[in-house]
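In: What follows is a predicted protein model with its sequence.
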Amino acid sequence: MSPQHTGQDEAQRDGAGAARRGQVVWALVITSVAGFMAALDNLVVTTALPSIREDLGGGLSDLEWTVSAYTLTFAVLLMTGAALGDRFGRRRLFLAGLVVFTGASAAAAMAPGIDSLIAARAVQGVGAAVMMPLTLTLLTAAVPAARRGMAYGIWGAVNGLAVASGPLIGGSLTEHVSWHWIFWLNVPLGVALLPLARLRLAESYGTGAPLDVPGTLLASGGLFGIVYGLVRGPSDGWTGSLVLTGLVAGGALLTGFVVYSTRAANPMLPMRLFRSRAFSGINAASLLMFLGMFGSIFLLSQYMQGVLGYSPTEAGLRMLPWTGMPMLVAPVAGILSDRVGGRPVVAVGLLLQAAGLGYLAHVVTADLSYGTQLPGLIVSGIGMALYFAPAANLVMSSVRPQEQGIASGANNALREVGGALGVAVMASIFSAQGGYESARSFVDGLRPALVTGAAVIALAAVATLVIPARRRTGPVAPAAEEPAGPAGEDAPALQDARS
């Protein structure tokens with residue numbers, strides 16, 4: 001081959017490589033920002049509730065539904081959104097979810113009354129449920145297997161920051177601008193993402209099987225009953241008729257969903273996925289992790305404001321060693337998971353998160369200094385950062401490529417149910433042991449709740465032990481040679497074992 005042809009080939013390869021890198025960067029930006037928007041709205045409203053009540057009126061139950069309406073529709077429809085994306089096109093449904101979420105955000109910002117705000121929040125949750133699981137699927141399709149750990153690390157860092165910084169962002173906007181800007185913030189982001197997603201993301205599909213209507217109805221109804229009961233339990237009482245009806249009916253429908261899915265020809269969530277130790281282990285760990293984390297953030301943000309006297313902005317800033325740590329550590333965690341496997345990184349992260357909460361439970365008092373809080377916040381932040389990226393990698397690599405959409409939806413649904421359960425359990429423990437009557441009473445309730453959160457997250461670390469360890473006996477195969485079948489701990493590991 002002549003030097004001229006050699007130079008042309010090299011130029012073509014360089015051009016193709018640059019185009020591929022550009023595609024990866026755009027996919028990472030688009031999916032991370034969209035995931036940030038969806039995750040942020042879980043807790044962003046909590047610090048704005050007093051201002052919302054002052055402007056729009058409403059009782060305590062109305063304010064609770066301002067938060068819960070989003071959580072409810074988000075958790076219930078996550079698997080449905082993923083299934084629709086697999087069937088009709090992931091980019092197409094991602095765009096549809098983004099349009100719904102952006103429009104509902106504008107409606108929430110302009111809501112003339114508390115009822116219309118609650119309705120807009122529910123529609124926001126619908127859009128987020130369609131959009132959120134597809135962010136991870138679209139990112140996986142765009143990134144070569146060898147680089148997914150780092151990509152998941154950045155995606156996980158952004159999503160983790162959104163979940164944990166919701167109270168800070170909501171409090172800052174409410175205190176310095178207006179609570180309306182909690183929702184207006186999503187509008188320019190959504191408008192900017194729409195053309196980018198249309199032009200920069202490649203379309204992909206799942207198995208091509210027909211939509212599983214009975215399974216969709218059973219799963220959605222079951223999740224609605226369970227999440228409704230969990231959300232209403234602390235305020236209505238766990239023996240309330242509607243709470244018990246929701247929990248019992250939801251449990252029955254989910255049981256029916258499992259039985260149906262084991263026999264259906266094309267189920268929305270194939271039960272055989274749970275035969276994979278990697279899939280079962282990481283989903284159990286995710287549910288327990290979000291149970292302990294959500295409940296702890298819910299109470300600690302109130303502790304910093306109600307007991308220690310910080311403003312919403314001051315409380316959020318003081319929690320940055322915890323909430324901001326994913327931005328620094330999660331990309332490193334993704335690289336580590338590429339090198340040593342996801343299981344050890346996730347396990348260490350969960351143990352550190354549990355240790356940080358345990359420390360805070362031990363030192364918490366009515367006049368705790370910030371210097372004493374700091375070690376627990378830092379350790380918890382590092383632990384949370386080590387969890388997010390490898391967990392996403394483990395979920396997506398434990399199933400076939402065409403099943404990644406529904407796997408992401410199932411994992412996100414379990415995380416949301418875990419978050420709702422965490423708030424409900426922590427609030428119940430807090431109410432049983434303490435209350436809002438005084439600083440001492442608040443601390444009396446907070447301490448056992450944090451101990452519970454630490455224990456639950458430690459149990460999540462134990463759950464990771466069922467995930468198969470990564471085996472290395474040869475070089476990792478390139479992305480084009482990825483096996484189509486399910487892997488043990490991840491697809492490259494399966495390829496290594498076969499080398």
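Out: Now that the structure is in, tell me what you want to look at. What you see is a predicted model; the values in this text were computed from it and never measured. Numbers count the residues shown, from 1 in each chain.
In: Residue ranges in this structure under the pLDDT threshold?
Out: Counting by pLDDT under 70, the chain contains low-confidence ranges at 1-20, 22, 59-61, 64, 160, 163-164, 207-209, 389, 470-499.
In: can you pull out the helices in the stretch 1-150 of the chain?
Out: For the stretch 1-150 of the chain, applying DSSP state H, counting those that start in this stretch gives helices covering 3-40, 49-56, 60-88, 90-109, 114-142, 148-176.
In: And the stretch 201-350 of the chain, by the same measure?
Out: 213-236, 241-263, 277-306, 312-318, 320-323, 325-340, 342-363.
In: Could you pull up the residues touching residue 290?
Out: 415-416, 418-419, 422 (C-beta atoms under 8 Å, 6 or more residues apart in numbering). Just so you know, the C-beta spots here come from the backbone N, C-alpha and C atoms, and that holds for glycine as well.
In: just those residues now: which is nearest residue 67?
Out: Residue 67 has its nearest neighbour among these in residue 419, at 11.3 Å by C-beta to C-beta.
In: And residue 262, how far from residue 274?
Out: Distance of residue 262 to residue 274, computed by C-beta to C-beta, to the nearest Å: 10 Å.
In: Looking at those two, which has the bigger crowd around it?
Out: residue 274 (14 against 11; other C-beta atoms under 10 Å).
In: which residues touch that one?
Out: 280, 283.
In: got the domain boundaries for the protein?
Out: Per automatic domain parsing, the domain ranges recorded for the chain read 20-197+268-498, 212-267.
In: Quick check: which of those domains is buried the most?
Out: Here the criterion is mean neighbour count by mean count of other C-beta atoms under 10 Å, and of the domains of the chain the winner is domain 20-197+268-498, at a mean of 22.
In: Pull the distance from it to the chain's centre.
Out: Offset of domain 20-197+268-498 from its chain centre (C-alpha atoms, centre = their mean, to the nearest Å): 3 Å.
In: what's the answer for stretch 231-246, then?
Out: Worked out by C-alpha atoms, centre = their mean, stretch 231-246 lies 25 Å from the chain centre.
In: those helices in the stretch 351-499 of the chain, which residues are they?
Out: In the stretch 351-499 of the chain, the helices defined using DSSP H, counting those that start in this stretch lie at 370-397, 404-433, 439-463, 491-498.
In: can I get those in TSV with distance to residue 104?
Out: Output for the helices of the stretch 351-499 of the chain, formatted as TSV (distance: least, C-beta to C-beta, whole Å):
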stretch	distance to residue 104
helix 370-397	26
helix 404-433	17
helix 439-463	31
helix 491-498	36
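In: Among the ones you listed, which comes closest to residue 193?
Out: Among the helices of the stretch 351-499 of the chain, the nearest to residue 193 by C-beta to C-beta is helix 404-433 (18.5 Å).
In: what does stretch 26-33 rub up against?
Out: Stretch 26-33 has contacts (C-beta under 8 Å, 6+ apart) with 135-136, 138-139, 141-143, 151, 154-155, 158-159, 189, 193, 196-197, 200-201.
In: about what we covered before: for residue 286, which of the helices of the stretch 351-499 of the chain is the nearest?
Out: helix 404-433 (5.1 Å).
In: which strands and helices sit next to that closest one?
Out: For helix 404-433, the elements it packs on are helix 60-88, helix 114-142, helix 213-236, helix 277-306, helix 370-397, helix 439-463, judged by 3 or more C-beta pairs under 8 Å, 6 or more residues apart in numbering; DSSP states H and E.
In: which one of these lies closest to residue 95?
Out: helix 114-142 (8.8 Å).
In: ok, back up a step: so which of the contacts of residue 290 comes closest to residue 305?
Out: residue 422 (19.5 Å).
In: Distance check, that closest one against residue 43.
Out: Applying C-beta to C-beta, the value for residue 422 to residue 43 is 12 Å.
In: Kindly report the same for residue 351.
Out: Taking C-beta to C-beta, one finds residue 351 at 24 Å from residue 43.
In: swap in residue 446?
Out: The spacing between residue 446 and residue 43, counted by C-beta to C-beta, is 17 Å.
In: Residue 439 now?
Out: The spacing between residue 439 and residue 43, counted by C-beta to C-beta, is 23 Å.
In: related to what we said a few turns ago, so which of the helices and strands packed on helix 404-433 is nearest residue 251?
Out: Using C-beta to C-beta, the helices and strands packed on helix 404-433 put helix 213-236 closest to residue 251, at 6.7 Å.
In: could I get that closest one in CSV with only the CA atoms?
Out: Extracted in CSV, the C-alpha atoms of helix 213-236 (Å, rounded to 0.1, in the frame of the first residue of the first chain):
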residue,chain,number,x,y,z
VAL,A,213,-50.9,-4.7,28.1
PRO,A,214,-51.9,-7.1,31.0
GLY,A,215,-48.5,-6.9,32.5
THR,A,216,-48.4,-3.1,32.2
LEU,A,217,-51.7,-2.8,34.0
LEU,A,218,-50.8,-5.2,36.8
ALA,A,219,-47.4,-3.6,37.4
SER,A,220,-48.8,0.0,37.3
GLY,A,221,-51.7,-0.8,39.5
GLY,A,222,-49.6,-2.7,42.0
LEU,A,223,-46.9,0.0,42.2
PHE,A,224,-49.7,2.7,42.6
GLY,A,225,-51.2,0.9,45.6
ILE,A,226,-47.8,0.3,47.3
VAL,A,227,-46.5,3.8,46.8
TYR,A,228,-49.8,5.4,47.7
GLY,A,229,-49.9,3.5,51.0
LEU,A,230,-46.2,4.3,51.7
VAL,A,231,-46.7,8.0,51.0
ARG,A,232,-49.9,8.3,53.0
GLY,A,233,-49.0,6.0,55.9
PRO,A,234,-47.1,8.5,58.1
SER,A,235,-49.9,11.2,57.9
ASP,A,236,-53.1,9.0,57.7
